[in-house]
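S.K.: Structure, please.
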Amino acid sequence: METVIATILLFVKQYGLPIVLLLLILYWMKPKADDLWDVVIERARGPTDHGHQDFDKILEIDIDLNMLLVEAMHEADSDYVTIWQFHNGATSNGGIPFQRISATHQQVRSGLVGWGHDYQNLPTSLFVACKAFREMISAHICAKVCCDEREGNETMLGILNTHNIQTMFVCPIRSSSGTLIALITFSYLGGDRSPTNIRCDYAARACVLLELQARLSKGGR
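M.R.: Here you go, the predicted structure:
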């Protein structure tokens, strides 16, 4: 200790007290500065690393969703199974919010051609004239749409007729809070061939995966 004090006094004599005090303060602060720098580096790297991890997990959930649709297609004996997700479509010049719907996942019976990619960013207002669509929203039920339906909904009938679909069941996918976040549709080129409860069960299972995907996209785990 005496040696340290003697060294400090010698430095004070040679360089002056202010310089020595500054050096002592810097020496004392160095470990804290190193710790702070480590935190800064970790925070700078953290979101990027987690972002990559979350992106990988989101893709894995997409795979799980498609596997679920393959299972649903076989269990419900349908020709097409499609998930449609609601999303924000920005606003009009008048400030009116647009809500849109897009086909995000689809599985198709062997020998048929998928069409989900053709239906992106569709305004939800195009579908509200469909009776089944309104029933599905208001009564929280799995509603049935037929190609010969006469409800004045050209959009829904256009989808059915374009792809020779005779019957489509539209099932709501609601979040744990009750918010309508998506639809799952079962489409048949002929008559439907499965009980409604099977389709509702897959809507519930798809909801679990979609909510997990939403949490990951927001940085949650």
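
S.K.: Render the CA-only coordinates of stretch 66-75 in PDB, please.
M.R.: Extracted in PDB, the C-alpha atoms of stretch 66-75 (Å, rounded to 0.1, in the frame of the first residue of the first chain):
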ATOM      1  CA  ASN A  66     -49.500 -27.000 -44.800                       C
ATOM      2  CA  MET A  67     -49.100 -30.400 -43.200                       C
ATOM      3  CA  LEU A  68     -52.300 -29.700 -41.200                       C
ATOM      4  CA  LEU A  69     -54.100 -28.800 -44.400                       C
ATOM      5  CA  VAL A  70     -53.000 -32.100 -46.000                       C
ATOM      6  CA  GLU A  71     -54.400 -33.900 -43.000                       C
ATOM      7  CA  ALA A  72     -57.600 -31.800 -43.100                       C
ATOM      8  CA  MET A  73     -58.000 -32.500 -46.900                       C
ATOM      9  CA  HIS A  74     -57.900 -36.200 -46.400                       C
ATOM     10  CA  GLU A  75     -60.000 -36.300 -43.200                       C
END
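
S.K.: now what about that stretch, what contacts it?
M.R.: Stretch 66-75 is contacted from outside by 78-83, 105-109, 184, 186, 194, 198-199, 202, 205-206, 209, using CB atoms under 8 Å, 6 or more residues apart in numbering. (Each C-beta comes from the backbone N, C-alpha and C, glycine too.)

S.K.: ranges for the strands of the protein?
M.R.: Listed in chain order, the strands found in the chain under DSSP state E are 80-91, 97-108, 122-123, 143-146, 167-174, 180-188.

S.K.: quick one: strands adjacent to the third one?
M.R.: Listed by DSSP bridges, the sheet partners of strand 122-123 and their directions read strand 97-108 (antiparallel).

S.K.: domains for this protein, by residue range?
M.R.: Using automatic domain parsing, the domain ranges for the chain come out as 2-46, 59-217.

S.K.: Redo the ones you listed as CSV? Include mean pLDDT and mean neighbour count.
M.R.: Converted to CSV, those look like this (pLDDT from 0 to 100; neighbours: other CB atoms under 10 Å):
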stretch, mean pLDDT, mean neighbour count
domain 2-46, 63, 10
domain 59-217, 87, 16
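
S.K.: Skipping its backbone neighbours, what lies nearest residue 137 in space?
M.R.: Distance criterion CB to CB, 6 or more residues apart in numbering; nearest residue to residue 137, sequence neighbours excluded, is residue 180 at 6.6 Å.

S.K.: wait, doesn't that neighbour sit right on residue 174?
M.R.: Yes: with contacts counted by CB atoms under 8 Å, residue 180 reaches residue 174, the gap being 5.5 Å.

S.K.: ok, now how distant is residue 216 from residue 114?
M.R.: The gap separating residue 216 from residue 114 is 26 Å, by CB to CB, to the nearest Å.

S.K.: With residue 179 instead?
M.R.: Relative to residue 114, residue 179 is positioned 28 Å away (CB to CB).

S.K.: what residues are up against the residue lying closest to residue 144 once chain neighbours are set aside?
M.R.: Among residues not flanking residue 144 along the chain, residue 169 sits closest, at 5.6 Å (CB to CB, 6+ apart). By CB under 8 Å, 6+ apart, the residues touching residue 169 are 142, 143, 144, 145, 185, 186, 187, 192, 196, 199.

S.K.: Show me what the nearest residue to residue 124 once chain neighbours are set aside is bridged to.
M.R.: Nearest non-adjacent residue to residue 124, counting by CB to CB, 6+ apart: residue 99, 4.6 Å away. Residue 99 forms beta bridges with residue 88, as assigned by DSSP bridges.
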